[in-house]
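Peer 1: have a look; sequence and predicted model below, questions after that.
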Amino acid sequence: MESLIKPAAFYFFSAVAVVTAIMVIVKRNPVTSGINLVLTFCSISAIYVLLNSQFIAVIQVLVYAGAIMVLIIFVIMLLNLRPVESIMDKSTGVRIAAIFVFVTALGVSLAAILTSGGISGRSGGITDEFLAKTGTIQVISRSLFSEYLLPFELTSLLLTVAIIGVVILAKGMKVRKKTGPGSE
Amino acid sequence: MEEWIIDILISLAKTLAFFGVILLWAAYITLGERRFASFFQNRLGPNRAGIFGLLQPLADGIKFMMKEEIIPKNANRAFYLLGPTLFITIALIPWAAIPFGDTVVIAGREVKLQIVDLNVGILFMIAVSSIGVYGIMIGGWASNNKYSLLGAIRSSAQLISYEITMGIALAAVFLLSGSLSTRDIIIAQMQSPWHWNVFVQPLGFIVFFVSILAETNRVPFDLAEAESELIVGYHTEYGAFKFAMYMLSEYINLITASALITLLYFGGWGIPFVDLGRLGLSVNLAGLISVIVFLVKTGFFVFVFIWIRWTLPRFRYDQLMNLGWKILLPLALVNLFGTAVVALLV
């Protein structure tokens, strides 16, 4: 049973991911595009589950679908954008360039897949049995807090800097005018 | 029968039973809420359909189904219909990870009274409820009505703000139990009532309780449907069964919130000072008792939510944001830091 369900689920969710990803760029209503992107994230998350990475799957939904996309759609709704009639430049030059880029990207990915010997991937030390014994979160946190500690901490520092920067930008000039201790 | 057929049948039975119980319960909370509201306001409330008005939810259901389905002319039809559908679906999904009780033995195999015991159970529930906001946003936006849009925007801003506080309050619980699985968190509190997280994490509990109150969009945090300013907020344009779906999902979210409080802070299905395993009961009887205990505790918190709703006035919007970002978030961070230090030293 398992051998049948897993590939079927994988192909189903991959198809959903690809179709909704295409919808994101094809649809003219920005809200429709946004919702389709959410669907793409959710189906990618389902693929993570099939790969036994429940934690990554949940974080994918929590962060991308549940937080970032909510903010983006929020802004689209606030601006109340109307469906785009035509922003596309349909001149021949642009079309030829688009086809060229598409064919090149497709060719590069196909070449990468074919030369690496199929899409089966390499198997490392983290197998299903290993994950069942230790748990996915433990595996991730162990590598995050030992091997990748410096990049991890640097990333959090970068995010803190970004947050502070946003607050200062949002507050505008008020910060500069007030001087001395005690001012916000 | 083959093994996997039995497995699938058991899972299917559990899923249907869970969803049946939840939907029925949510329907009856509407009655409970109205009866308690009447009690608090010194009036009678709906008491005509059946004894104590027990058939009222049924009558309401029939009424909602019989009403004319109206779709506003300027609404975005597809999204307008998607809103409530999405909202009720997402409201039901977290129940996949909530344990109703301990284990029972059916057909010679041990069955957990939980649809799936996920390694990342609580995170899964938080993630799913974080997409729940789309039901509100889509509904409010697609109605093409200023009040709906304002309600949806208020509601989603509130949900996003309080999700952060809730997550940090939860992180302290994860630190103590060393797991994200709902079952493990309950088992970690089993030793005695003093091991319940409400006593170990009093500050965390207060922060979590206020945040989840805001997450369920109820008084004093029901700014999304402040009727004096916004009519009813994001579902202003919804009538008939679509409105019933929104209302039902809000009550399902209420039960989910109560169940979360029970399992995270009040020991799940544990009875204070009684160890069910040592009483010498049969496994199935103990399992049944654990279900009843869990339902009673959850029901109590549902009552607390109703109690709060009919007792407190509503916050102003700036008060809501100040409370979330300037008071609760620092408190949650202090709590997490303190818990981490203590967990490291002890």
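Peer 2: Done, it's in.
Peer 1: and for the residue of chain A at minimum distance from chain B, nearest residue in space, chain neighbours not counted?
Peer 2: Closest residue of chain A to chain B, Cβ to the nearest Cβ: residue A:66 (2.9 Å). Yep, even glycine has a C-beta here, placed from its N, CA and C like the rest. Nearest non-adjacent residue to residue A:66, counting by Cβ to Cβ, 6 or more residues apart in numbering or on different chains: residue B:130, 2.9 Å away.
Peer 1: picking that back up, isn't the residue of chain A closest to chain B right next to residue B:131, touching?
Peer 2: Yes. Under the criterion of Cβ atoms under 8 Å, residue A:66 makes contact with residue B:131 at 5.3 Å.
Peer 1: tell me which element the residue of chain B found nearest chain A is part of?
Peer 2: The nearest approach of chain B to chain A comes at residue B:130, 2.9 Å away (Cβ to the nearest Cβ). Assigned by DSSP states H and E, residue B:130 falls within helix B:121-131.
Peer 1: which elements pack onto that helix?
Peer 2: helix A:54-59, helix B:77-92, helix B:146-177, helix B:182-188, helix B:240-265 (3 or more Cβ pairs under 8 Å, 6 or more residues apart in numbering or on different chains; DSSP states H and E).
Peer 1: hmm, back to that, for the residue of chain A closest to chain B, give its distance to residue B:222.
Peer 2: In this view, residue A:66 and residue B:222 are 22 Å apart by Cβ to Cβ, to the nearest Å.
Peer 1: so between these two, which is more surrounded?
Peer 2: A count of neighbours by other Cβ atoms under 10 Å in any protein chain shown puts residue A:66 above the other of residue A:66 and residue B:222, at 26 against 22.
Peer 1: list the contacts for that one?
Peer 2: B:127, B:130-131, B:133, B:163 (Cβ atoms under 8 Å, 6 or more residues apart in numbering or on different chains).
Peer 1: that one - that's part of a helix, no?
Peer 2: Yes. Applying DSSP: H, G, I helix; E, B strand; the rest coil, one finds residue A:66 inside a helix.
Peer 1: for residue B:102, phi and psi?
Peer 2: phi -70, psi -150 (degrees, to the nearest 10).
Peer 1: who's in contact with it?
Peer 2: Contacts of residue B:102 by Cβ under 8 Å, 6+ apart are B:113, B:269, B:276, B:286-287, B:290.
Peer 1: how about the strands in chain B?
Peer 2: Secondary structure of chain B (DSSP state E): strands located at B:103-106, B:109-112.
Peer 1: can you say which of the ones you listed is packed in most?
Peer 2: Of all the strands of chain B, strand B:103-106 has the most neighbours on average by mean count of other Cβ atoms under 10 Å in any protein chain shown, namely a mean of 16.
Peer 1: what's that one in contact with?
Peer 2: B:10, B:110-113, B:283-284, B:287-288.
Peer 1: mean confidence for it?
Peer 2: The average pLDDT within strand B:103-106 is 75.
Peer 1: any idea how far that strand is from the middle of the chain?
Peer 2: 26 Å (Cα atoms, centre = their mean, to the nearest Å).
Peer 1: what strands line up against that strand, and which way round?
Peer 2: According to DSSP bridges, strand B:103-106 forms sheet pairs with strand B:109-112 (antiparallel).
Peer 1: nearest spatial neighbour of residue A:55, skipping sequence neighbours?
Peer 2: Once flanking residues are discounted, residue A:55 sits nearest to residue A:136: 4.5 Å by Cβ to Cβ, 6+ apart.
Peer 1: check contacts around the most centrally placed residue in chain B.
Peer 2: By Cα atoms, centre = their mean, the mean C-alpha position of chain B lies nearest to residue B:256, the distance being 2.1 Å. Neighbour list for residue B:256: B:91, B:94-95, B:98, B:125, B:129 [criterion: Cβ under 8 Å, 6+ apart].
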